[in-house]
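*Asks:* This is a predicted model, with the sequence first.
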There are 8 protein chains.
Amino acid sequence: MIPEVGIIMGSDSDLAVMKAAGDLLNEFGIPFELTVVSAHRTPARMVEYASTARDRGLKLIIAGAGGAAHLPGMIASITSLPVIGVPIKSSNSMDGWDSVLSILQMPNGIPVATVALNGAKNAGILAATILGAYDKKIGDLVVAYKKNLEVEVLTTVEKLKRDGWTNMFDHSS
Amino acid sequence: MIPEVGIIMGSDSDLAVMKAAGDLLNEFGIPFELTVVSAHRTPARMVEYASTARDRGLKLIIAGAGGAAHLPGMIASITSLPVIGVPIKSSNSMDGWDSVLSILQMPNGIPVATVALNGAKNAGILAATILGAYDKKIGDLVVAYKKNLEVEVLTTVEKLKRDGWTNMFDHSS
Amino acid sequence: MIPEVGIIMGSDSDLAVMKAAGDLLNEFGIPFELTVVSAHRTPARMVEYASTARDRGLKLIIAGAGGAAHLPGMIASITSLPVIGVPIKSSNSMDGWDSVLSILQMPNGIPVATVALNGAKNAGILAATILGAYDKKIGDLVVAYKKNLEVEVLTTVEKLKRDGWTNMFDHSS
Amino acid sequence: MIPEVGIIMGSDSDLAVMKAAGDLLNEFGIPFELTVVSAHRTPARMVEYASTARDRGLKLIIAGAGGAAHLPGMIASITSLPVIGVPIKSSNSMDGWDSVLSILQMPNGIPVATVALNGAKNAGILAATILGAYDKKIGDLVVAYKKNLEVEVLTTVEKLKRDGWTNMFDHSS
Amino acid sequence: MIPEVGIIMGSDSDLAVMKAAGDLLNEFGIPFELTVVSAHRTPARMVEYASTARDRGLKLIIAGAGGAAHLPGMIASITSLPVIGVPIKSSNSMDGWDSVLSILQMPNGIPVATVALNGAKNAGILAATILGAYDKKIGDLVVAYKKNLEVEVLTTVEKLKRDGWTNMFDHSS
Amino acid sequence: MIPEVGIIMGSDSDLAVMKAAGDLLNEFGIPFELTVVSAHRTPARMVEYASTARDRGLKLIIAGAGGAAHLPGMIASITSLPVIGVPIKSSNSMDGWDSVLSILQMPNGIPVATVALNGAKNAGILAATILGAYDKKIGDLVVAYKKNLEVEVLTTVEKLKRDGWTNMFDHSS
Amino acid sequence: MIPEVGIIMGSDSDLAVMKAAGDLLNEFGIPFELTVVSAHRTPARMVEYASTARDRGLKLIIAGAGGAAHLPGMIASITSLPVIGVPIKSSNSMDGWDSVLSILQMPNGIPVATVALNGAKNAGILAATILGAYDKKIGDLVVAYKKNLEVEVLTTVEKLKRDGWTNMFDHSS
Amino acid sequence: MIPEVGIIMGSDSDLAVMKAAGDLLNEFGIPFELTVVSAHRTPARMVEYASTARDRGLKLIIAGAGGAAHLPGMIASITSLPVIGVPIKSSNSMDGWDSVLSILQMPNGIPVATVALNGAKNAGILAATILGAYDKKIGDLVVAYKKNLEVEVLTTVEKLKRDGWTNMFDHSS
């Protein structure tokens, strides 16, 4: 199937975080591609990737990076597709603030849809939500997904009521 | 025309920032509605707004708020549409950090597509980009918009070359 | 006994922190209920919980949440009872700043009585202090509790004087 | 009338911020006293004020201070009444962070109910909410106050709908 | 011998950090007392300690505390002796920022001589330096102490030159 | 008279802040010298100043600097006198954080007695307090100074009681 | 003359800050070019600029940008010349932290030589220092420049000694 | 061979971080010296080192330090060679912010070329880049180094394509 979403990251060390986006899209049955594109080490590949994305049929791009994270913003500067940015808390980062601010604080004209630090799973859900705004089937899956979040909490609530919170806590530790 | 985008904000004092989103959507010819919905002062209205948004034909929602900014996240928890969050630097805020973190750091399951502090214009562009992923006419306008950004810079470059940067600076001050 | 205090939290993973509030209320003999209410995953349950709290006899609500912590503020927007907010330092949070600012920086009209990061025990003591302002029996327990804090320190002081600080330190390590 | 609430602050320069708490209590008809008590310049007065507060009939204390703000915490260490702390952004402060952290991050055993930076109005509302948990008349006023917040927003919503947001914005600037 | 320096801390859990101050004073042969004084749990003891310090012959006080650290500033508000404050990074603190700002940002009139986070050793050296400004014997020890710091570095420099840095690094890991 | 205190600063633009230290020492009748010593622009002068300070009769040094503020720490590395550091919030600084951290976070062995941001007045008081630990006349002045702080607050308290806080506030604005 | 240094910036609004780099290079007689290159709005021009820089004879590039500042890092990823980055505090930035971290925290392999916030003048001096490491004439100018900084301070020192600091301060205000 | 680069650090405990700079220079075949120079413990040695550096043939200096890191800036104040500063995240630092700001925020006239927190490897690459601007052989090695970074990423890309990201992730954990 032709991928609708591109998941890219600055380094394969980001894969431990970014795989949650892929898992989520698999769960929603949304075809995607996943690869490494480094703004700093492979700038030519980055330009190529971003400038051909729309014509290759992608509907949006999820880009994750740590530190001085330039990948999401640079991709957004080249493509006209929506770009979801995932700040990654890498080693030697300033506790993640560098990555968050490098992705979030884009200048007027070139937005990046930023999610929480290490929020690759939410990037996947946001992608599904965006696709679901037009694609009724995916939209219904998003509704079901949110419904399920609610059901899981309500199940926990029942369990707490039945077992008591002191017991529950003892078991979980 | 039926609005495709809902622009909401926590208070009419946010209008000075959020109008940039409306102006941008007007520029792209995207029909939208704009109103005040306060998570904290009108929680019932907020639930009503979010839970009917999809059926009223909206494709996405832009929500701006300052301080402990709960509006974008709460809207995202109720609707299955994509929500773009605009952190606003209000008076007595902690330099905007409160608003940024309250919108960005959403838990797994409920993403908000966050843009830069006071980035209402970028929220409008992101909305156009998202709609443009499916709607070729809007997609072409996004391409043209980005092309125009480039042209504007190149015009400045020519002006700098012609007049010299010392003159340019003197004129602009 | 009818609960006077409601302890709620956004997720059962918060229980490891929030149980300290329950333990404290048990110590003071204040009846309470404890359950999970998620602003983002169970918004309907949250509205229901907050809007019925006063009529069910609750005198105040302790709400703990991490990240973009909307639960305390949203509960406060719906109920007219006092709400004590407990910021929780969850994994992938921005070192707890997100949770603190999301709870503390509420707009005019909708205060949340915020305690320290992970300060669930203090939330319990604050609840006892508030109830004790009207209920002489609880008020006396608060006085005794504070007296006991003093006694504990004075006991340590005696021990330090008797054993010497070098010995004490050696034993405690 | 015997004051039920004590409003204190570290310096008369804090009055510009703290008067909002007094105005709010006046609006609710709650009797209060307002004075200056400095933890650092009048420690004896501070001890006297806090240790007699309960016997003088106070139900709670609102304490505001800036910089290394020790007043709320020290009052809380001496009295068994609930203490609401108001961080104040004073000149030469570290953008208010010093005041917020000095009041919020109290150790186990001695909580301060902290409100937002410069949130004196919210301190007044929180006081009314706490008193209203036991005093039905005040409780009803809190309900009415929150209802009124909602009505004000809905009035703005109507005005926006009638006049259009572009006009509204033009008039307000 | 009559103590010239008082070392106090808010809790015996601070002893692991604060003992470095005692060790340093022992090294300089400066008589001192060391005990626990809690601003929040033993306010009466704190007032007693501070108000008698000068008459008991103390020349200065070293006070360490974590979180919303009020002990150094409150001691400074009561005594006319110099107070050295040691911010301590305790568990659940906001990465130490709370302690640093609570001690450093004292208002005009009541200074605290603040040292680095967990800088108890430096508090001891600063105490010796202050006493050494008047007491020639201690002053000479301070000079010798600083000379020794230099000698230690120069010894390392020789070792590096002799063994080579690659070997040195291998041996130290 | 031979100066007992040296007040130095990195630039004459710091004089607007640092003069408060001179004014305070004048008020206490403590002889001092005041000059500009730049760690970065006059390193030789800095070494000279610090290495001769003790022999010239100085008892302590107050050093103020902004940005990457190296002056207080470098002076402390060379002299065996106590050094009080004043962080200054200069233009283009990172809101004063750079100056605070550059002065406060000195390594083991070389403490700087740091006061609040722009706290030159407190640096003067701290100097008087340190000198007053040995010099009874200055010690008594410190006691009187602190007493006077108390009297000023109590006068304000009387004024507030007499005139009412609403009037007071109206007059002060 | 063939430019040896390229000064570029993301927008002509950065010229007010960046002109200080040009002025400094003029003062040193170092030929340079100055223009606008936007990473986000003119990515193709950026790639072109960086990839031809070395062959056009440039020895180094000074790049300034604000917010999510990607220009210096992207230039450094494409060229093999040294890149000096100037963080700019633009409106709506997070107090400059975004720009500082986006430029400083580059990943392994692609360094940017970062100077202080708005430090365009220092970027110019750093450029002269780098060129002066090889070019004796420029190196001598750097030595003279630093000597002059010292002379200016010493002149101020003399003026302070002659006129007194109280007079000096009065004149400067 | 005569060293062209001096690598210095404030303490031998910094060697674990700073060795990466030495390894990199070895890789590029650039002769260097490596030693410990402490601004605070060996100020005389620091002055000596910096003032003789140019005449000993060094072309630039890499200086690493943690906490209140004064070494890079002080070296830059004395020598006319370019200085690359490496902020080090040492124990008891404020999460590295102290070191970053102490090195980065240098005043006008005395720049330090700052690299990322713990970025010693990048300091080495930056040194090679600076030397390579004049020395064609080193310049060609920098080009090759960057080319190799690209090749490594492209190899990872191929591996990801061949093995699939789910497999890759399983193998790397």
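*Replies:* In hand now; what should we look at? Numbering: from 1, shown residues only, chains lettered A, B, ... in the order given.
*Asks:* worst-scoring helix or strand of chain A, pLDDT-wise?
*Replies:* The weakest-scoring helix or strand in chain A, judged by mean pLDDT, DSSP states H and E, is helix A:165-172 (a mean of 64).
*Asks:* Strands of chain A, residue ranges please.
*Replies:* Secondary structure of chain A by DSSP state E: the strands cover A:5-9, A:32-36, A:60-66, A:83-88, A:113-114.
*Asks:* As a markdown table, the ones you listed with distance to F:Ala65 would be great.
*Replies:* No exception for glycine: its C-beta is placed from N, CA and C like everyone else's. Listed next are the strands of chain A as a markdown table, based on distance: least, Cβ to Cβ, whole Å:
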| stretch | distance to F:Ala65 |
| --- | --- |
| strand A:5-9 | 43 |
| strand A:32-36 | 45 |
| strand A:60-66 | 34 |
| strand A:83-88 | 34 |
| strand A:113-114 | 37 |
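*Asks:* Looking at the ones you listed, which is nearest to B:Leu160?
*Replies:* Among the strands of chain A, the nearest to B:Leu160 by Cβ to Cβ is strand A:83-88 (29.9 Å).
*Asks:* Next, the angle from that closest one to strand A:5-9.
*Replies:* If you take axes from the mean of the first three to the mean of the last three Cα atoms, to 10 degrees, strand A:83-88 sits at 30 degrees to strand A:5-9.
*Asks:* and strand A:83-88 with chain G, contact?
*Replies:* No. Judged by Cβ under 8 Å from any Cβ of the partner chain, strand A:83-88 and chain G are separated, with a smallest distance of 9.6 Å.
*Asks:* Mind giving me the packing neighbours of that strand?
*Replies:* helix A:15-28, strand A:60-66, helix A:71-78, helix A:97-104, strand A:113-114, helix A:120-134 (3 or more Cβ pairs under 8 Å, 6 or more residues apart in numbering or on different chains; DSSP states H and E).
*Asks:* Report the mean per-residue pLDDT for it.
*Replies:* Mean pLDDT, strand A:83-88: 98.
*Asks:* before we move on, the earlier item: most tightly packed of the strands of chain A?
*Replies:* Highest mean neighbour count among the strands of chain A (mean count of other Cβ atoms under 10 Å in any protein chain shown): strand A:113-114, with a mean of 33.
*Asks:* ok, is it in contact with chain C or not?
*Replies:* No. Applying Cβ under 8 Å from any Cβ, one finds strand A:113-114 out of contact with chain C, separated by at least 12.7 Å.
*Asks:* how about that strand, does it reach chain G?
*Replies:* No. Judged by Cβ under 8 Å from any Cβ, strand A:113-114 makes no contact with chain G; its nearest approach is 9.8 Å.
*Asks:* And chain B, is that strand touching that?
*Replies:* Yes. For strand A:113-114, a contact with chain B is found by Cβ under 8 Å from any Cβ, at A:113-114.
*Asks:* what mean pLDDT does that strand have?
*Replies:* Strand A:113-114 shows a mean pLDDT of 98.
*Asks:* Next: stretch A:30-49.
*Replies:* Throughout stretch A:30-49, pLDDT has a mean value of 97.
*Asks:* Buried ones in that stretch, by neighbour count?
*Replies:* Within stretch A:30-49, the residues that count as buried by 16 or more other Cβ atoms under 10 Å in any protein chain shown are A:30, A:32-43, A:45-47, A:49.
*Asks:* which stretch among the helices and strands packed on strand A:83-88 comes nearest E:Thr79?
*Replies:* Here helix A:97-104 is closest among those (Cβ to Cβ), at 39.7 Å.
*Asks:* what's the angle between that closest one and helix G:71-78?
*Replies:* Angle, helix A:97-104 to helix G:71-78, by the same axes, to 10 degrees: 100 degrees.
*Asks:* what helices or strands is helix A:97-104 leaning on?
*Replies:* Identification of packing neighbours for helix A:97-104 by 3+ Cβ pairs under 8 Å, 6+ apart yields strand A:60-66, helix A:71-78, strand A:83-88, strand A:113-114, helix B:97-104, helix G:97-104.
*Asks:* Roughly how far does A:Trp165 sit from C:Ala21?
*Replies:* Separation of A:Trp165 from C:Ala21 (Cβ to Cβ, to the nearest Å): 11 Å.
*Asks:* neighbour count winner among the two?
*Replies:* When neighbours are counted by other Cβ atoms under 10 Å in any protein chain shown, A:Trp165 and C:Ala21 differ, and C:Ala21 comes out ahead with 28 against 21.
*Asks:* A:Gly6 touches A:Ile62, doesn't it?
*Replies:* Yes. With contact defined as Cβ atoms under 8 Å, A:Gly6 reaches A:Ile62; the gap is 7.1 Å.
*Asks:* Quick check: pLDDT value at the residue positioned nearest the centre of chain A.
*Replies:* With distances taken as Cα atoms, centre = their mean, the residue of chain A nearest its centroid is A:Ala123 (2.3 Å). pLDDT recorded at A:Ala123 is 98.
*Asks:* OK, contacts around it?
*Replies:* By Cβ atoms under 8 Å, 6 or more residues apart in numbering or on different chains, the contact set of A:Ala123 is A:21, A:62, A:64, A:84-86, A:115, B:111.
*Asks:* try A:Val5
*Replies:* Neighbours of A:Val5 in contact, by Cβ under 8 Å, 6+ apart: A:25, A:30-33, A:58-62, A:127, A:131.
*Asks:* Leaving out chain neighbours, which residue sits closest to it?
*Replies:* Nearest residue to A:Val5 in three dimensions, chain neighbours excluded: A:Phe32, at 4.1 Å (Cβ to Cβ, 6 or more residues apart in numbering or on different chains).
*Asks:* Chain D versus the one you found, what's the distance?
*Replies:* Distance from A:Phe32 to chain D, counting by Cβ to the nearest Cβ, to the nearest Å: 39 Å.
*Asks:* I figured that residue was touching A:Ile7, is that so?
*Replies:* Yes. Under the criterion of Cβ under 8 Å, A:Phe32 makes contact with A:Ile7 at 5.7 Å.
*Asks:* Name the residues contacting each of those two.
*Replies:* The contact sets of A:Phe32 and A:Ile7 overlap at A:22, A:25 (Cβ under 8 Å, 6+ apart).
*Asks:* just to revisit the earlier point, winner for burial among the helices and strands packed on strand A:83-88?
*Replies:* Greatest average neighbour count among these goes to strand A:113-114 (a mean of 33), per mean count of other Cβ under 10 Å.
*Asks:* packing partners for that strand?
*Replies:* By 3+ Cβ pairs under 8 Å, 6+ apart, strand A:113-114 packs against strand A:83-88, helix A:97-104, strand B:113-114.
*Asks:* Who does A:Val36 form a beta bridge with?
*Replies:* A:Met9 (DSSP bridges).
*Asks:* I meant to write A:Ile88 there.
*Replies:* Judged by DSSP bridges, the bridge partners of A:Ile88 are A:Gly66.
*Asks:* Was I right to think it contacts A:Ser102?
*Replies:* No. Look at A:Ile88 against A:Ser102 with Cβ under 8 Å: they stay out of range, at 10.7 Å.
*Asks:* if I look at the closest residue to chain C within chain A, how far off is chain H?
*Replies:* In chain A, the residue that lies nearest chain C is A:Leu149 (4.2 Å; Cβ to the nearest Cβ). Plainly put, A:Leu149 is 25 Å away from chain H if you go by Cβ to the nearest Cβ.
*Asks:* tell me the contacts of that residue?
*Replies:* Applying Cβ under 8 Å, 6+ apart, the residues near A:Leu149 are B:109-110, C:38, C:40-41.
*Asks:* Can I get the residues you listed in TSV including distance to B:Leu141?
*Replies:* As requested, the contacts of A:Leu149 are arranged in TSV below (distance: Cβ to Cβ, whole Å):
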residue	distance to B:Leu141
B:Gly109	33
B:Ile110	30
C:Ser38	39
C:His40	34
C:Arg41	37
